[in-house]
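Asker: Got a predicted structure here, sequence first:
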Amino acid sequence: MSFAKKVPKITDPDVQGLHHTGHESWHAFEIMAEFVDATERLKEITPAVSIFGSARTPEDHPYYKLTEEIARLLSDAGFAVISGGGPGIMEAANKGAFPGLAPSIGLNIELPHEQQANPYQDVSQNFKHFFMRKVMFVKYASAYVVMPGGFGTLDEVMEAITLIQTGKTLKMPIILVCEPFWRGLIDWIKTTLVNEKMISPEDLDLIQIIDEPAKIVEAIFKHYETRGFKLSAAEERVQLYL
């Protein structure tokens, strides 16, 4: 029997782990660079409204046309409009804002089946990481307008609600549009989450449902009429720790 020390090969798990650790360290710098680049490009766009919704909504759909109208009213009212930069509702949001007074912003994501950026963007920012893109949706928003959508839209709106509920970001309007689409979800929240004491009844106050474009703009202004859109130093510190 040989007691010679075994020399590790590159295929050994421990050695592979060392290489993996080195790759993860460089990946952290890549994430940092993405955050710095996005922050530098977007820091002047406030006040802004993030609009979420399905990438699958065709141009001739009523949801698309409604999104376009909402985005145009928001832009003309002085709000930069932020979307995910792709097709469907994202395109409608950018298209509506593009001819307006305030900028149309696209936060584009690199996907395995590449997302095609829509052409209606005054500022087009690209992301590799979903979580970094989601930070930017929240970081510069004064309100969220949520159109019908799928898993991605549900993920974005639930994260926004959670950040406000837990005090990790400032309280701001979260407006769901197209009441029939959201009715089942809201009923489930009321009858299951509240009744099972998974959330407090007052948490429902974090969400509004408004279908008329002009009333959406009015609701956002009403929320800020006594405090304005500029953040205090304390509020800016809160936003640093999203």
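Answerer: That came through fine. Residues are numbered from 1 along each chain as shown.
Asker: Q125 and E196: what is the separation?
Answerer: Applying Cβ to Cβ, to the nearest Å, the value for Q125 to E196 is 40 Å. C-betas here are computed from N, CA, C, even on glycine.
Asker: would you list every one of the helices in this protein?
Answerer: 13-42, 62-76, 89-97, 130-139, 151-165, 179-188, 213-224, 233-240 (DSSP state H).
Asker: Go through those helices and pick out the most buried.
Answerer: Comparing the helices of the chain by mean neighbour count (mean count of other Cβ atoms under 10 Å), helix 89-97 comes out on top with a mean of 29.
Asker: Please identify the buried residues of stretch 107-120?
Answerer: 107-109, 115, 117-118, 120 (16 or more other Cβ atoms under 10 Å).
Asker: so which one among these has the lowest pLDDT?
Answerer: The member of the buried residues of stretch 107-120 with the lowest pLDDT is Q115, at 64.
Asker: Let me have the helices of the chain in TSV, extended by mean pLDDT and distance to M172.
Answerer: Below are the helices of the chain laid out as TSV (pLDDT from 0 to 100; distance: least, Cβ to Cβ, whole Å):
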stretch	mean pLDDT	distance to M172
helix 13-42	67	17
helix 62-76	98	14
helix 89-97	98	18
helix 130-139	80	9
helix 151-165	93	7
helix 179-188	97	18
helix 213-224	96	7
helix 233-240	71	11
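Asker: So which of these is nearest E202?
Answerer: helix 151-165 (9.8 Å; Cβ to Cβ).
Asker: ok and that closest one relative to helix 130-139, angle-wise?
Answerer: If you take axes from the mean of the first three to the mean of the last three Cα atoms, to 10 degrees, helix 151-165 sits at 50 degrees to helix 130-139.
Asker: so how far is helix 151-165 off the chain centroid?
Answerer: 8 Å (Cα atoms, centre = their mean, to the nearest Å).
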